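Q: got a predicted structure here, sequence first:
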Amino acid sequence: MSLALQTVVVPVTFEPDKPTELNVDRAIQVRDDHWVIINEATVAALGMACKMVAEDGRVHLLHATLDLSPTAAIHGPGSMLIPTDIDQLHSASKKQAHAVLSTIAERFCPGQDPVFHSAPGRPVDVVLDYVREVTADALVTAASGRNRITRFVIGSTVDKLVRQAPCPVVVVPH
């Protein structure tokens with residue numbers, strides 16, 4: 001069943017995982033000594049997005065990487081604390097994110113030819129900028145795993161996306 005949407009965007013977050021506590025279904029090996037994991041709601045969001053997209057449409061997997069630019073502004077390009085070329089670090093981070101997104105796509109989006117996008121910045125800003133850029137028909141995202149008090153104090157990216165996205169947002173429960 002398909003809703004026949006052309007462009008469905010799925011933000012994908014992944015967290016470092018401990019090799020002793022790996023969930024093999026959702027773990028991705030980045031290096032010999034480093035693994036990341038995606039949560040069950042993200043897996044469900046990917047599955048839903050694949051069902052919503054038309055045969056000739058595309059699922060877009062999106063990941064926000066750490067923005068190191070403010071660090072460069074504070075410490076300056078000659079600082080001993082950071083390398084001088086922040087763009088080089090952002091490029092390496094993007095390459096690694098795309099490798100993880102590719103593995104995720106192979107595992108959880110079979111039969112799809114997804115588009116991968118990553119950019120440094122706050123996740124809410126990266127997602128909103130991208131859905132506007134590609135004129136997304138829908139955004140499918142996993143609900144945050146935060147409790148009510150934490151969401152009240154620091155907010156929720158998903159809450160902000162629901163209020164600010166220029167397209168329909170489907171939130172998959174955690």
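A: Thanks, I have it.
Q: now for the strand or helix carrying Trp35, which elements pack on it?
A: Per DSSP states H and E, Trp35 falls inside strand 34-37. Strand 34-37 sits against strand 15-17, strand 27-31, with contacts defined as 3 or more CB pairs under 8 Å, 6 or more residues apart in numbering; DSSP states H and E. Yep, even glycine has a C-beta here, placed from its N, CA and C like the rest.
Q: let's see that with 10 Å instead.
A: For strand 34-37, the packing partners by 3 or more CB pairs under 10 Å, 6 or more residues apart in numbering; DSSP states H and E come out as strand 15-17, strand 27-31, helix 86-108.
Q: who does that strand pair up with?
A: Applying DSSP bridges to the sheet, strand 34-37 is found paired with strand 15-17 (antiparallel), strand 27-31 (antiparallel).
Q: need the ones you listed in CSV (columns: mean neighbour count and distance to Cys109).
A: Output for the strands paired with strand 34-37, formatted as CSV (neighbours: other CB atoms under 10 Å; distance: least, CB to CB, whole Å):
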stretch, mean neighbour count, distance to Cys109
strand 15-17, 12, 20
strand 27-31, 15, 14
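Q: between those, which one is nearest to Val170?
A: strand 15-17 (22.2 Å; CB to CB).
Q: run through the residues that contact Ser91.
A: Neighbouring residues of Ser91 by CB atoms under 10 Å, 6 or more residues apart in numbering: Asp85.
Q: cool, and Pro123?
A: Pro11, Thr13, Leu62, His63, Ala64, Thr65, Thr141, Thr157, Val158, Lys160, Leu161.
Q: mind running it again at 8 Å?
A: Pro11, Thr13, Ala64, Thr157 (CB atoms under 8 Å, 6 or more residues apart in numbering).
Q: I'd assumed Ala64 was in contact with the first one.
A: So the one you mean is Pro11. Yes. Pro11 is within contact range of Ala64, at 7.3 Å (criterion: CB atoms under 8 Å).
Q: distance between the ends of stretch 159-174?
A: 14 Å (CA to CA, to the nearest Å).
Q: how about the helices in this structure?
A: For the chain, applying DSSP state H gives helices covering 40-52, 69-75, 86-108, 123-133, 148-154, 157-164.
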